[in-house]
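Trainee: Output the structure for:
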Amino acid sequence: MNAPAKAMTAKHFLDLDALDGVTLRKLIDDAKRMKDARGGRPKGAEDDVLPLKGRMLALIFEKPSTRTRISFDVGMRQLGGETMFLDGRDMQFGHGETVGDTARVLSRYVDAVMLRTKRHQSLLELAEASTIPVINGLTDKTHPCQLMADIMTFEEHRGPIAGKTVVWSGAGNNVCASWIHAAVRFKFELRVACPPEIAPDPRLLAWARQEGGSVHMVRDPLEAASGASAVVTDTWVQMSETDQLGEGGTRSRHNSLSRYRVDEKLMSAAKDAIFMHCLPAHRGEEVTDAVMDGPRSVVFDEAENRLHAQKAVLVWAMT
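Mentor: I've put the predicted structure just below:
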């Protein structure tokens, strides 16, 4: 029996900067159509069209998740396919067996892989050796599926995002990195307000400039928020950072970020902006209850749109 064809043709969804704006725009439009087509049908019901019938998606988690696991599972079922959950801590992922060998085996068993991992390099190694699509469910560097849901949510509330202004207030983490990618590909202005010691990678900012993107570092969050259409934040300390920072490091991180907390004063500076957060939120730290539960918060719309945005990605990658 011949080995599968070399996977040069596999359509991976690894990062937004790896795809052009036209492709990403089509994915957003497809996600909107899928959401509209369901028209309030029961959440577990399949769509009328089942483009992924008979397909199997492997979900590999090195990091725990609520939204990522449920949204990919439900989305795949609505598209007619099935999923299998694999705990990266229990399998020999990158430990007893190389990531490349795992990729070659999975390519013989399933039709696509979604990976949520602590190491971005593991994602790249998996994609390099796979003859099937690999989807980035989150790494320590980026979170592109979240950004597809975020762009979709923004446009539901504020219209086309091109030419608008979005403010990031908080740590320059993996979600922030994907917002930088998105600003370039979807052509909006992004102002990043964060302490210099927790700023985005300078190489990422250099890439944005090279690509002609409008990404600006602004030290004062109130100044950054002026005239913005959306204010975005994320947790100050991620799960993967808790152990390495320790109690003292975590306390220091909180002290550095306290002026970047999204509160009513910051939202007032932004006037008509919506508030966005990928969740889970640490209420009272990066965002106050008043903002989180306020009329301009769209955080649960974002959570819902993970389902629809990822369905568009799945269909694009697997058909």
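
Trainee: Could you use CA atoms for every contact and neighbour count after this?
Mentor: Fine.

Trainee: Please work out how many residues are found near Tyr109.
Mentor: Neighbour count of Tyr109, defined by other Cα atoms under 10 Å: 12.

Trainee: wait, I meant Asp90
Mentor: There are 9 residues near Asp90, going by other Cα under 10 Å.

Trainee: Show me the helices in the stretch 101-250 of the chain, by range?
Mentor: Taking DSSP state H, counting those that start in this stretch as the criterion, the stretch 101-250 of the chain carries its helices at 120-129, 144-158, 174-186, 202-210, 221-225, 239-257.

Trainee: Put together JSON lines for these, with mean neighbour count, mean pLDDT and distance to Ala112 on each row.
Mentor: Shown next, in JSON lines, are those (neighbours: other Cα atoms under 10 Å; pLDDT from 0 to 100; distance: least, Cα to Cα, whole Å):
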{"stretch": "helix 120-129", "mean neighbour count": "20", "mean pLDDT": "97", "distance to Ala112": "10"}
{"stretch": "helix 144-158", "mean neighbour count": "22", "mean pLDDT": "98", "distance to Ala112": "15"}
{"stretch": "helix 174-186", "mean neighbour count": "25", "mean pLDDT": "98", "distance to Ala112": "22"}
{"stretch": "helix 202-210", "mean neighbour count": "14", "mean pLDDT": "98", "distance to Ala112": "28"}
{"stretch": "helix 221-225", "mean neighbour count": "22", "mean pLDDT": "98", "distance to Ala112": "40"}
{"stretch": "helix 239-257", "mean neighbour count": "13", "mean pLDDT": "73", "distance to Ala112": "26"}
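
Trainee: what's the closest of these to Thr68?
Mentor: Among these, the nearest to Thr68 by Cα to Cα is helix 144-158 (9.0 Å).

Trainee: CA atoms only: put that closest one into CSV for me.
Mentor: Taking C-alpha atoms only, helix 144-158 is exported to CSV below (Å, rounded to 0.1, in the frame of the first residue of the first chain):
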residue,chain,number,x,y,z
PRO,A,144,-6.2,33.0,15.8
CYS,A,145,-9.6,31.2,16.1
GLN,A,146,-10.5,33.6,18.9
LEU,A,147,-9.7,36.5,16.6
MET,A,148,-12.0,35.2,13.9
ALA,A,149,-14.8,35.2,16.4
ASP,A,150,-13.8,38.6,17.6
ILE,A,151,-13.8,40.2,14.2
MET,A,152,-17.2,38.6,13.5
THR,A,153,-18.6,39.9,16.8
PHE,A,154,-17.2,43.4,16.2
GLU,A,155,-18.9,43.6,12.8
GLU,A,156,-22.2,42.4,14.2
HIS,A,157,-22.2,45.4,16.6
ARG,A,158,-20.2,48.2,14.8
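
Trainee: Out of the helices of the stretch 101-250 of the chain, which gets nearest to Asp15?
Mentor: Closest among those, using Cα to Cα: helix 144-158, at 5.6 Å.

Trainee: Now do the closest one against helix 174-186, angle only.
Mentor: For helix 144-158 against helix 174-186, the angle by axes from the mean of the first three to the mean of the last three Cα atoms, to 10 degrees is 60 degrees.

Trainee: Report all helices and strands that helix 144-158 contacts.
Mentor: helix 21-38, strand 134-138, helix 174-186, helix 299-318 (3 or more Cα pairs under 8 Å, 6 or more residues apart in numbering; DSSP states H and E).

Trainee: can you redo the helices of the stretch 101-250 of the chain as JSON lines with distance to Phe85?
Mentor: Listed next are those as JSON lines, based on distance: least, Cα to Cα, whole Å:
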{"stretch": "helix 120-129", "distance to Phe85": "17"}
{"stretch": "helix 144-158", "distance to Phe85": "18"}
{"stretch": "helix 174-186", "distance to Phe85": "24"}
{"stretch": "helix 202-210", "distance to Phe85": "32"}
{"stretch": "helix 221-225", "distance to Phe85": "40"}
{"stretch": "helix 239-257", "distance to Phe85": "20"}
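
Trainee: Out of these, the one nearest Thr98 is which?
Mentor: Once the helices of the stretch 101-250 of the chain are compared by Cα to Cα, helix 120-129 is nearest, at 9.1 Å.

Trainee: CA atoms only for that closest one - export them in CSV, please.
Mentor: C-alpha atoms of helix 120-129 as CSV (Å, rounded to 0.1, in the frame of the first residue of the first chain):
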residue,chain,number,x,y,z
HIS,A,120,3.9,27.2,19.5
GLN,A,121,6.8,25.1,18.1
SER,A,122,4.8,21.9,18.7
LEU,A,123,2.0,23.3,16.4
LEU,A,124,4.6,24.1,13.7
GLU,A,125,6.1,20.6,13.9
LEU,A,126,2.7,19.0,13.8
ALA,A,127,1.7,20.9,10.7
GLU,A,128,5.1,20.2,9.0
ALA,A,129,4.7,16.5,9.3
